[in-house]
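Colleague: how would this look folded up:
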Amino acid sequence: MSELTWVQLPDLVAHELVASADEGKDVADIRARWAAAGGVVDAPAAGRGPVGDGRLWTLAGELLDDLAALPAESALAAQEPTELTDIEALAPALSAEIARSARPGSSDLRVEYGTGGQNAQSRRRWGPDRLMGAWLGRAARCLLGKPVEKIPREGIREILQSQDRWPLTTWFTAKDLPDEVARRWPWNRRSAATSLAENIAGMPEDDDLNYALIALSVLERHGPDFTSRDVATEWLASLPGGRVFTAERIAYRNLLLGMDPPETATYRNPYREWIGAQIRGDVYGWVNPGDPAAAARMAWRDATVSHVRSGVYGAMFVAAMCASAVVADGVDEAIEVGLSVIPPESRYAAAVRRGVELGRADAGPEAGFDAIYVDYGHLHWVHVLNNACLVAYALTRSRGDFSDAIRSVVMGGWDTDSNGATVGSVCGALAGARALPPSWVSPLRNRLASSVPGFDGIGFDALTDRTLAATRG
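Modeller: A predicted model of the protein is given here:
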């Protein structure tokens, strides 16, 4: 059988049992049939579990179709629609013509980029320094979280404590790490070679940055009225199949089977409410400064290629938050704007509000993490709800401070590089590039590696210019 992760039919059944139960479906009979046949009921934490024999694969396909046919809870469908018109009915700010507030003046037209790039002349009347800060913040904080992706919270803490480096203050390193701790909590093997302090030489490739590049490419090729099919076509043209994961890998498979969005998001896709779309929304916010509704609508078109409900809301929330962050005065304003474009009674909105509540209480990071894990610790580490709560908590508790927010969100575990990227994007935009600490920015060397055509080795100054050129207004 193929070694490819996240698409093996037996794994999909285990994850679909969880996803369907979350939708209020009665999965007891199908769970029993799967267990009686020898199928693994508990969803694997990694991308691939025991695959079994051909007989089990045949049954897995049948059960996936049976699970899809089960009726979902009607109340959930009403509170958490995926269709844009239905979301607009619940979140009026999304459909309203929102005036662009706090538009930057012309005093920040020219920026001296401090990472080795050339001076750049903005063609827009808003601050390229803040946009540059968003790109740099997203990259630096993604890079910080990369070596501990998949390592649980307790492992991150043990690693740092064993080196007398708790709480986290700088890049992870293998220096002075005891052998027994390294064996118990091995670094993410793909990332350690390029993301530990001793190995950093520019920003290495990561899907959290690849999707930002794809979004920029879609805007450059198709303009602001791009479609979901345009996004899907760009994936097939520019993203190798091995560079996409979870819901995106399933959607990619469905595209190759000849399906179109939004069917690509729902057919045999148990990851449809995971974090993937949330990591794809930033650029849509950056090109719509002060216009969160437009940003969220763009993010919706992108997200529905691979996600539904909470997965889509994550993309819309982040896009709107980023549209605010490049012009806002503080992080509370950005979060409030993000919440304004999603259904207020949704589980996603509740997760964000819970993170904000805990961040404002500020009983200390350990107490905050403990409370979040009580509420959301049962979810897979790549699910969107637990990670959204952690992001909101870190942003709120830090009051938008770049270093503090990132340390908090990475120490909290789960999807460390994705959460770091989102928090870094928001805090970097609020601060601006010139205010970011050199210790976090200089190792990036103004260079981003990527397998997306036309972007490998690009500088963050060039990315800023291209994003400015795609900006609306």
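
Colleague: How much space separates residue 84 from residue 204?
Modeller: Taking Cβ to Cβ, to the nearest Å as the measure, residue 84 falls 35 Å from residue 204. (Glycine included, C-beta is placed from N, CA and C.)

Colleague: brain fart, residue 459
Modeller: Counting by Cβ to Cβ, the gap from residue 459 to residue 204 is 15 Å.

Colleague: Now do the contacts for the nearest residue to residue 151 once chain neighbours are set aside.
Modeller: In space, and not counting its chain neighbours, residue 151 is closest to residue 185: 5.3 Å by Cβ to Cβ, 6 or more residues apart in numbering. Applying Cβ atoms under 8 Å, 6 or more residues apart in numbering, one finds that residue 185 lies in contact with 151, 155, 156, 158, 159.

Colleague: Please give the element, helix or strand, for the first one.
Modeller: Take DSSP states H and E as the rule and residue 151 turns out to sit in neither a helix nor a strand.

Colleague: That one and residue 188 touch, don't they?
Modeller: Yes: taking contacts as Cβ atoms under 8 Å, residue 151 lies within contact range of residue 188: 7.4 Å.

Colleague: Those two: who's more crowded?
Modeller: Neighbour totals were compared for residue 151 and residue 188, and residue 151 leads with 22 against 17 (other Cβ atoms under 10 Å).

Colleague: ok, residue 385 to residue 20 distance?
Modeller: Computed as Cβ to Cβ, the residue 385 to residue 20 distance reads 16 Å.

Colleague: Settle it for me: which of these two has more neighbours?
Modeller: residue 385 (26 against 21).

Colleague: what pLDDT does that one get?
Modeller: As predicted, residue 385 sits at a pLDDT of 98.

Colleague: Residue 97 too?
Modeller: pLDDT recorded at residue 97 is 55.

Colleague: from now on call the first residue 134
Modeller: I'll keep to 134 as the first residue from here, and by that count the last item is residue 230.

Colleague: confidence score at the most centrally placed residue in the chain?
Modeller: Ranked by distance to the mean C-alpha position of the chain (Cα atoms, centre = their mean), the top residue is residue 412 at 2.5 Å. pLDDT for residue 412: 98.

Colleague: Next, it: phi, psi?
Modeller: Backbone dihedrals for residue 412, given as degrees, to the nearest 10, come out at phi -80, psi 0.

Colleague: for residue 407, same thing?
Modeller: Main-chain torsions, residue 407, degrees, to the nearest 10: phi -90, psi -170.

Colleague: show me what contacts it?
Modeller: Residue 407 sits next to 379, 380, 440, 444, 513, 515, 516, 517 when contact means Cβ under 8 Å, 6+ apart.

Colleague: Identify the farthest-apart pair in those residues.
Modeller: Farthest pair in the contacts of residue 407 (Cβ to Cβ) is 440 and 513. Separation: 14.4 Å.

Colleague: Neighbour count: the two, which is higher?
Modeller: Set side by side, residue 440 and residue 513 show more neighbours around residue 440, with 34 against 22, by other Cβ under 10 Å.

Colleague: measure that one to residue 351 for me?
Modeller: Taking Cβ to Cβ, one finds residue 440 at 17 Å from residue 351.

Colleague: What of residue 562?
Modeller: In terms of Cβ to Cβ, residue 562 sits 21 Å off from residue 351.

Colleague: Okay, now the unreliable bits of this protein?
Modeller: Scanning the chain for pLDDT under 70 picks out the ranges 134-135, 184, 229-259, 606.

Colleague: Tell me which of residue 562 and residue 351 has more neighbours.
Modeller: Neighbours were tallied for residue 562 and for residue 351 using other Cβ under 10 Å; the higher tally belongs to residue 562 (34 against 26).

Colleague: Which elements pack onto the host helix or strand of that one?
Modeller: Per DSSP H and E, residue 562 falls inside helix 549-564. Packing partners of helix 549-564 (3 or more Cβ pairs under 8 Å, 6 or more residues apart in numbering; DSSP states H and E): helix 261-278, helix 340-355, helix 415-419, helix 442-458, helix 464-472, helix 517-531, helix 535-544.

Colleague: Extract the CA atoms of stretch 150-157 and return them as PDB.
Modeller: What follows is stretch 150-157, C-alpha atoms only, in PDB (Å, rounded to 0.1, in the frame of the first residue of the first chain):
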ATOM      1  CA  LEU A 150     -16.400   8.900  12.900                       C
ATOM      2  CA  VAL A 151     -15.200  11.800  15.000                       C
ATOM      3  CA  ALA A 152     -16.200  14.500  12.500                       C
ATOM      4  CA  SER A 153     -19.700  13.000  12.000                       C
ATOM      5  CA  ALA A 154     -20.300  12.700  15.700                       C
ATOM      6  CA  ASP A 155     -19.300  16.400  16.000                       C
ATOM      7  CA  GLU A 156     -22.100  17.200  13.500                       C
ATOM      8  CA  GLY A 157     -24.600  15.400  15.700                       C
END
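
Colleague: Contacts for it next, please.
Modeller: 160, 163-164, 167, 174, 176, 200, 203, 205-206, 208-209, 403-406, 513.

Colleague: burial count for the nearest residue to residue 183 once chain neighbours are set aside?
Modeller: Distances taken as Cβ to Cβ, 6+ apart put residue 173 closest to residue 183, at 5.9 Å, once the chain neighbours are dropped. For residue 173, the neighbour count with other Cβ under 10 Å is 17.
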